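using only what follows, build the 3D model:
(one chain, ligands or ions: 1)
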Amino acid sequence: MTSRLFGTNGIRGVVGEDMTVDLALRVGKSVGSVLATGPVAIGRDPRTSGPMLRDAVVAGLLATGHDVQDAGVVPTPALQYLVHTGTFSGGVVITASHNPAEFNGIKVVDRLGMELSRPEEERIEARFFAEDYTLAGWNAVGHVHPNASGTGSYLDGIASRVDAGAIRDAGLRIVVDCGNGASCGTSPALASRLGCDVVSLNGEPDGRFPGRPPEPVQANLEALLRTVKESHADLGVAHDGDADRAIFVDDRGTFVFGDRSLALVAKDIVSKNGGGVVVTPVSSSRCLEDVVRAARGTVRYTKVGAPIVARTMHEIGAVFGGEENGGMIFPEHQLCRDGAMTMAKVLEIVARADQPLSQLLAGLPAYSLHKTSVRYKAQERDVILARMKTMAAGLRVDDIDGIKIHYAEGWVLVRPSGTESIFRIFAEARTEEGAKALAARGEALLRNSMED
Ligand code: MG
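Residues are numbered from 1 along each chain as shown. Take a look at the predicted model:
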């Protein structure tokens with residue numbers, strides 16, 4: 001196996017262990033050596049290690065002759081929007097997204113603000129591992145300037161892409177839980193600007209994440225669920241650390257799984273558009289396909305990973321795309337996941353409907369997902385998957401990413417984890433029992449494929 005620097009979502013690690021200041025400097029020099037001539041925008045989430053890693057990456061970029069504009073603490077999509085709408089040769093975000101406080105990471109985006117394709121990452125990795133940098137002479141090193149315009153035009157862009165009048169007229173109350181992350185300066189301000197009565201939770205940026213862990217999963221959002229109920233809010237929203245994702249709580253204080261909010265937004269966009277293609281990973285709920293088809297659209301499945309979803313959307317001109325973890329991509333805004341844009345769109349949907357969010361969601365088809373996992377020996381992965389595909393002969397099988405088998409009552413997906421030697425098994429059916437039964441069928445097939 002060749003050495004890899006980039007994971008599914010950039011370069012990540014524990015600070016002082018595999019994410020060090022030395023690594024950041026080398027990444028900065030490698031990125032600077034590969035990007036076309038021109039300024040680079042940089043931003044970060046509020047992690048305590050952010051300034052240290054940023055300064056190292058900036059030093060590498062300056063050394064390779066790039067000017068740098070520093071946008072400070074901003075959501076990842078705000079930095080991407082700055083690059084997307086400006087003239088930069090690329091952008092860098094120092095963030096570990098939803099990972100705990102001891103992690104940090106480096107995400108690189110191209111001149112359009114999109115996350116890099118795998119071949120682009122490989123060009124950076126080649127420079128990194130060979131320590132082959134294109135360094136500038138003393139009179140050509142770059143300069144660093146602050147860039148304070150990032151979030152202003154970003155919020156203008158979002159407000160212009162929703163029906164701000166309808167949201168304002170609805171007079172909604174929303175609880176915004178930024179989790180002390182990068183969105184503290186943007187999402188509550190955006191909701192206020194859209195005329196909402198905003199209750200802010202964990203609204204002070206703090207890289208130790210004292211309020212809650214940065215991942216917006218149900219177990220981390222008890223305070224949000226409670227506050228929505230107590231304040232009689234129309235909805236609640238929570239972002240991950242870098243705010244490219246948004247997860248919702250309905251007016252009854254019930255946690256909304258990301259596949260439900262994804263289907264709700266897809267339904268709205270495809271209906272209004274009178275059709276269109278929606279892009280989503282192969283692991284997404286059939287609920288999405290049901291609503292998109294009913295609105296005369298189609299679903300295109302991809303491998304798991306937001307950058308792949310975004311690139312596919314770009315290639316085929318999709319109207320919408322996203323993942324079940326609350327990451328949604330609105331192509332007319334920009335081609336990356338955007339938590340604040342997602343919040344604004346859901347506010348618009350609720351504002352225009354005569355129904356509360358809980359009722360809008362109740363109108364969607366319901367499925368149950370069951371997850372389990374099985375450990376395997378690393379070198380046997382491809383053989384096992386090939387055997388499994390053979391064993392499933394006669395059934396509808398997708399092998400875009402792992403093996404997905406469709407049954408009349410639902411589907412089961414077996415895919416290798418990107419980071420450990422385990423197969424993750426996802427099964428979905430109309431009922432919980434059905435999903436468990438399908439997961440058991442998938443697991444049995446997998447275990448049979450593992451025996452020599
Ligand atoms: Mg994120």
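
which residue is the nearest non-sequential neighbour of the closest residue to the ion within the chain?
Nearest residue of the chain to the ion: S97, at 3.2 Å (CB to the ion). All C-beta spots, glycine's among them, are computed from the backbone N, C-alpha and C. Take S97 and drop its neighbours on the chain: the residue closest to it by CB to CB, 6 or more residues apart in numbering is D242, 4.9 Å away.

that neighbour touches F103, doesn't it?
No: the pair D242 / F103 is not scored as a contact, 11.6 Å apart, by CB atoms under 8 Å.

how many neighbours does the residue of the chain closest to the ion have?
Residues lying near S97 (other CB atoms under 10 Å) number 25.

which strands and helices sit next to the strand or helix carrying V175?
Counting by DSSP states H and E, the element that carries V175 is strand 173-177. When contacts are defined as 3 or more CB pairs under 8 Å, 6 or more residues apart in numbering; DSSP states H and E, strand 173-177 sits against helix 187-193, strand 197-201, helix 222-230, strand 235-239, helix 339-352.

ok, back up a step: what kind of secondary structure is the residue nearest to S97 in?
Under DSSP: H, G, I helix; E, B strand; the rest coil, D242 falls in the coil class.

got it, and the one 5 residues further on?
I247 falls in the strand class when you classify it by three-state DSSP.

and the residue of the chain closest to the ion, how close does it get to G339?
11 Å (CB to CB, to the nearest Å).

what touches both of the two?
Common contacts of S97 and G339 (CB atoms under 8 Å, 6 or more residues apart in numbering): 240, 244.

returning to that earlier point: looking at D242 and F103, which is more packed in?
The neighbour comparison of D242 against F103 (other CB under 10 Å) goes to D242, with 33 against 21.

who's in contact with that one?
45, 75-76, 93, 95, 97, 181-182.

how many neighbours does H145 have?
11.

that one against Q69, yeah?
Yes: counting by CB under 8 Å, H145 touches Q69, with 5.4 Å between them.

can I get the longest helix anywhere in the chain in PDB, CA atoms only?
When the chain is scanned for its longest helix (criterion: DSSP state H), the result is helix 432-450. Output of helix 432-450 as PDB, limited to C-alpha atoms (Å, rounded to 0.1, in the frame of the first residue of the first chain):
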ATOM      1  CA  GLU A 432     -36.900  -2.200  12.900                       C
ATOM      2  CA  GLU A 433     -37.400  -6.000  12.900                       C
ATOM      3  CA  GLY A 434     -37.100  -6.000   9.100                       C
ATOM      4  CA  ALA A 435     -33.900  -4.000   9.200                       C
ATOM      5  CA  LYS A 436     -32.400  -6.300  11.800                       C
ATOM      6  CA  ALA A 437     -33.400  -9.400   9.800                       C
ATOM      7  CA  LEU A 438     -31.800  -7.900   6.600                       C
ATOM      8  CA  ALA A 439     -28.600  -7.000   8.600                       C
ATOM      9  CA  ALA A 440     -28.500 -10.600   9.800                       C
ATOM     10  CA  ARG A 441     -28.800 -11.900   6.200                       C
ATOM     11  CA  GLY A 442     -26.100  -9.500   5.100                       C
ATOM     12  CA  GLU A 443     -23.900 -10.600   8.000                       C
ATOM     13  CA  ALA A 444     -24.500 -14.300   7.200                       C
ATOM     14  CA  LEU A 445     -23.500 -13.800   3.600                       C
ATOM     15  CA  LEU A 446     -20.400 -11.800   4.600                       C
ATOM     16  CA  ARG A 447     -19.300 -14.500   7.100                       C
ATOM     17  CA  ASN A 448     -19.800 -17.200   4.500                       C
ATOM     18  CA  SER A 449     -17.700 -15.100   2.100                       C
ATOM     19  CA  MET A 450     -14.900 -15.000   4.800                       C
END
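
quick one on the thing from earlier: isn't the residue of the chain closest to the ion right next to A243, touching?
No: counting by CB under 8 Å, A243 is not a contact partner of S97; they are 9.2 Å apart.
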